[in-house]
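# Could you work out the structure for the sequence below:
(2 chains)
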Amino acid sequence: MVHLVIDGKGFQAEEGQNVLEVALENGIEIPHLCYHEQLSPYGGCRLCLVEITRGARTFLSTSCTYPCLEGLVVRTDTPDVLRARRLVLELLMPLAPEAPRLQALARQMGVTETRFASDEEVDDCIRCGLCIRACAELVGAEAITFSGRGERRKVEPPFGEEALNCIGCGACVFLCPTGCLHMEDQDGVRTLDKWKRTLSLKACASCGRRYLPFAQIEFARQKGEDPPAEGWFEFCPDCR
Amino acid sequence: MNDAGLYAVKSLPKKEYLAPGHRSCPGCGEVLAVRLVHKALGRNTITASATGCMEIVSSPFPLTSWEIPWIHVAFENAAAVAGGIEAALKVLQRKGKIAPKEINVVAMAGDGGTADIGLQALSGALERGHDFLYVCYDNEAYMNTGVQRSSATPFGAHTTTSPAGTAVPGQITWKKNMPEIVAAHKIPYVATATPSYPLDLINKIEKGAAAEGPAYVHILSVCPTGWGIGSAETIKIGRLAVQTGFFPLYEVEDGAYKITVDCAELLPLERYLQPQGRFRHLSEELIAQLRRRVFEQWAELKRRAALSASAAR
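Sure thing, here's the model as predicted:
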């Protein structure tokens, strides 16, 4: 157990917890887009900046990547923090101008316009890497990754070709904070446009509806998790 | 994003805001919906709850299942109270009395508290444009007092106040179309959902909470006790309601219709009606009437969705 102070209130935290986790558990709201409780913290969106005082030093850091240490003093609402967060949001907004969650954050933080513009075609991706981590850690498929550096960084399947490891589970689509990923089922084929992936769907033995990609069934079998009953995947969830 | 498959559901937050041990019936679809809704909304939420099943089962004195601020108000004014909470938060934040953070204000009520008793309060709150989310848990009758009909009870359903017999074949009026009534207020977000499609439901709640201004989500909550089905059938019946077109899942975003769980071909309506005790007495003729209505409603929805899609292009 370590003791730390957030916004003037003392809290106890487990060793290994990060500052954001403890703040959220105790009802102190820190805006964040790329943090997920089940995934390793990454500090990609930079919105969870807080002011940390450790010993004699005071500095800004992302709270999702900062571990709870004994005697840490954290402030989440100083003018410096709020200004830095507004700047981060202004930098994110041109990347995904239509995203509802970004717009909600902007309203809440009082950001009405951004001083920046994107030179390239907007693809609504803010490069937070949540999809990559979900794919690697939650699912274990490791189908997508970052490529390029600096301003040319983007999320891609390996070599920008079809993501052959993608099993079409949709975890990335579900978690994406800007909604820039799309998954569609049509005529027995599931398409994930951004990963250039098309997957053939297995038909239910009873109703004939094509419901789950073959690749996902194979993946689940190989992983040996949730051992299904005999013939489990033969039928769709409605016919089981 | 309706049936993603095996892995997307694993990403849902582990934290529960509705503690177990509440007194709902086994197989209750409504409590499942409440649980998912609050999972999606997270910790910074204040809920105003009208009288109804959920108030009864979650807060028998001196216990409570709620791990967020929750207030029980009278049957008719959940929307008014939520509007008041939202206005108070706005003022307190403006005066600097509380930190400017996003707090979701939610009103919840059953179909009785929405379509019958709470309709004027809801309409008023929508018209004033409070930034709140109204969730209607529709189990299609007054279940907690013993299955009395409401205006959201579907045609032909047997309830204790619309008993099926020789004089009347159950409910003789058509179900009030609440989502359409709300959509007519031209609010930013209206949607229908059911816990049988959990990811779809969570998506819609998140969208509704993020919308600027009022949002309304109408959730079909299957009720094994009142509908006369086995408690293990809840999810299945909810899915059949969608797949037969009886309760289509769609959303209206700034006036644009979108069917979120599309069915290439509707399943035969009998598959939804037959397992339910409340529809068991229906004659072939009445089923045909119901089927006609369902087809009309589905065709109308398709037409509007197609119109909205072509307008967006």
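
# how about the biggest helix by length in chain A: buried residues?
In terms of residue count, the longest helix belonging to chain A (DSSP state H) is helix A:79-92. Neighbour counts over helix A:79-92 (16 or more other Cβ atoms under 10 Å in any protein chain shown) mark A:81, A:84-90, A:92 as buried. For glycine as for every other residue, the C-beta is placed from the backbone atoms N, C-alpha and C.

# and what of stretch A:169-184?
Residues A:169-178, A:180-181, A:183 are the ones in stretch A:169-184 that count as buried (16+ other Cβ under 10 Å).

# and it, how far out from the chain's middle?
Put simply, stretch A:169-184 sits 10 Å off its chain's centre (Cα atoms, centre = their mean, to the nearest Å).

# Now do the longest helix of chain A: which elements does it pack against?
Secondary-structure packing of helix A:79-92 (3 or more Cβ pairs under 8 Å, 6 or more residues apart in numbering or on different chains; DSSP states H and E): strand A:49-54, strand A:57-62, helix A:100-109.

# and the angle from the second one to strand A:49-54?
Here strand A:57-62 runs at an angle of 150 degrees relative to strand A:49-54 (axes from the mean of the first three to the mean of the last three Cα atoms, to 10 degrees).

# and strand A:57-62, which residues are buried?
Going by 16+ other Cβ under 10 Å, strand A:57-62 has these buried residues: A:60-62.

# Same list, these, but as a markdown table with distance to B:Pro60 please.
Shown next, in a markdown table, are those (distance: Cβ to Cβ, whole Å):
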| residue | distance to B:Pro60 |
| --- | --- |
| A:Leu60 | 48 |
| A:Ser61 | 46 |
| A:Thr62 | 44 |
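
# From the residues you listed, pick the one nearest A:Pro41.
Using Cβ to Cβ, A:Thr62 comes nearest to A:Pro41 of the buried residues of strand A:57-62, at 8.0 Å.

# Check what pLDDT the closest one gets.
Here, the pLDDT recorded for A:Thr62 equals 96.

# and what of A:Gly179?
At A:Gly179, pLDDT is 89.

# and what of the one 10 residues further on?
In this model, A:Val189 is scored at 91, pLDDT.

# is it in a bridge, and if so with what?
Note on A:Val189: beta-bridge partners A:Gln186, A:Ser200, judged by DSSP bridges.

# What is the burial count for residue 198?
Since no chain was named, I'll use chain A. Per other Cβ atoms under 10 Å in any protein chain shown, the neighbour tally for A:Thr198 reads 14.

# My question was about chain B, not that one.
Applying other Cβ under 10 Å, we find 23 residues neighbouring B:Pro198.

# Identify the spatial nearest neighbour of B:Arg271, chain neighbours not counted.
B:Leu240 (5.7 Å; Cβ to Cβ, 6 or more residues apart in numbering or on different chains).

# three-state assignment of A:Leu212?
Following DSSP: H, G, I helix; E, B strand; the rest coil, we place A:Leu212 in the strand state.

# who's in contact with it?
A:Leu212 makes contact with A:201-202, A:233, A:236, B:5-6, according to Cβ atoms under 8 Å, 6 or more residues apart in numbering or on different chains.

# Mind doing that once more with 10 Å?
Listed by Cβ atoms under 10 Å, 6 or more residues apart in numbering or on different chains, the contact set of A:Leu212 reads A:167-169, A:190, A:199, A:201-204, A:220, A:233, A:236-237, B:3-6.

# repeat for B:Thr260
Shown in contact with B:Thr260 (Cβ under 10 Å, 6+ apart): B:1-2, B:191-193, B:197, B:200-201, B:203-204, B:242, B:248-251, B:305.

# how about the residues of the stretch 101-250 of chain B near chain A?
B:101-103, B:131, B:188-189, B:196, B:199, B:202-203, B:206-207, B:209-212, B:235-236, B:239-240, B:243 (Cβ under 10 Å from any Cβ of the partner chain).

# let's see 7 Å
B:101-102, B:199, B:207, B:210, B:212, B:239 (Cβ under 7 Å from any Cβ of the partner chain).

# Output the residues you listed in JSON lines, with secondary structure, neighbour count and pLDDT appended to each entry.
JSON lines is the format used below for these (DSSP: H, G, I helix; E, B strand; the rest coil; neighbours: other Cβ atoms under 10 Å in any protein chain shown; pLDDT from 0 to 100):
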{"residue": "B:Lys101", "secondary structure": "coil", "neighbour count": "17", "pLDDT": "78"}
{"residue": "B:Glu102", "secondary structure": "coil", "neighbour count": "17", "pLDDT": "81"}
{"residue": "B:Leu199", "secondary structure": "helix", "neighbour count": "20", "pLDDT": "91"}
{"residue": "B:Lys207", "secondary structure": "helix", "neighbour count": "21", "pLDDT": "92"}
{"residue": "B:Ala210", "secondary structure": "helix", "neighbour count": "21", "pLDDT": "88"}
{"residue": "B:Glu212", "secondary structure": "coil", "neighbour count": "13", "pLDDT": "89"}
{"residue": "B:Arg239", "secondary structure": "helix", "neighbour count": "21", "pLDDT": "93"}
